[in-house]
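Visitor: Return atomic coordinates for the entry below.
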Amino acid sequence: MELLVERYGTNRLQAVISENMNGPIKLSFEEYGFEIDMFCDEVTREDGVCLVLEEEKDTFFLIINGCKINPFSRNDQKGNCDFSYMEEGSFQDGEWKRRRRLNGDEIFSPVFNQFTLLKVKLFAY
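Guide: The predicted structure is shown next:
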């Protein structure tokens, strides 16, 4: 909860909902961003939502449902971007507790059709 309070009203906490979209939208942070698509064929819901909190320049928490996400680099010298890791989990007593680490196809083209809390770390190259 402290992370939300600290970032509320700043560019380090951004959200989108499907009612305000008619196509993919980009959420941009200091060094990275996410393209959020709630209307691609893989998404089976019509009530998509995505909240992204920048913990560090390369580390983010996402609350996501009914979305496909694609990270991007904002660094012109390093235009490619990928996940260092993607974890599902929860907060317990204010601490992140990983439930499982996603890999392979789960992070190659991540689509979420149920509410999921993620911690992701990105890298640019």
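
Visitor: Other residues contacting the longest strand anywhere in the chain?
Guide: In the chain, assigned by DSSP state E, the strand with the most residues is strand 81-92. Here strand 81-92 makes contact (CB atoms under 8 Å, 6 or more residues apart in numbering) with 1, 32, 58, 71-73, 96-103, 106-107, 110, 116-125. Using the backbone N, CA and C atoms, a C-beta is placed for each residue, glycine as well.

Visitor: What remains of those if I keep only buried residues?
Guide: Among these, those buried by neighbour count (16 or more other CB atoms under 10 Å) are 32, 58, 71-73, 102, 107, 110, 117-120, 122, 124.

Visitor: Columns secondary structure, pLDDT and distance to residue 23 on top of those, output as TSV?
Guide: Converted to TSV, the buried ones among the contacts of strand 81-92 look like this (DSSP: H, G, I helix; E, B strand; the rest coil; pLDDT from 0 to 100; distance: CB to CB, whole Å):
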residue	secondary structure	pLDDT	distance to residue 23
32	strand	98	21
58	coil	98	27
71	strand	96	18
72	strand	97	16
73	strand	98	21
102	strand	91	26
107	helix	83	23
110	coil	89	18
117	strand	97	25
118	strand	97	23
119	strand	97	27
120	strand	97	23
122	strand	97	23
124	strand	97	25
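
Visitor: how about these in JSON lines, adding distance to residue 91?
Guide: Shown next, in JSON lines, are those (distance: CB to CB, whole Å):
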{"residue": "32", "distance to residue 91": "22"}
{"residue": "58", "distance to residue 91": "20"}
{"residue": "71", "distance to residue 91": "22"}
{"residue": "72", "distance to residue 91": "27"}
{"residue": "73", "distance to residue 91": "28"}
{"residue": "102", "distance to residue 91": "18"}
{"residue": "107", "distance to residue 91": "21"}
{"residue": "110", "distance to residue 91": "21"}
{"residue": "117", "distance to residue 91": "8"}
{"residue": "118", "distance to residue 91": "12"}
{"residue": "119", "distance to residue 91": "10"}
{"residue": "120", "distance to residue 91": "15"}
{"residue": "122", "distance to residue 91": "21"}
{"residue": "124", "distance to residue 91": "27"}
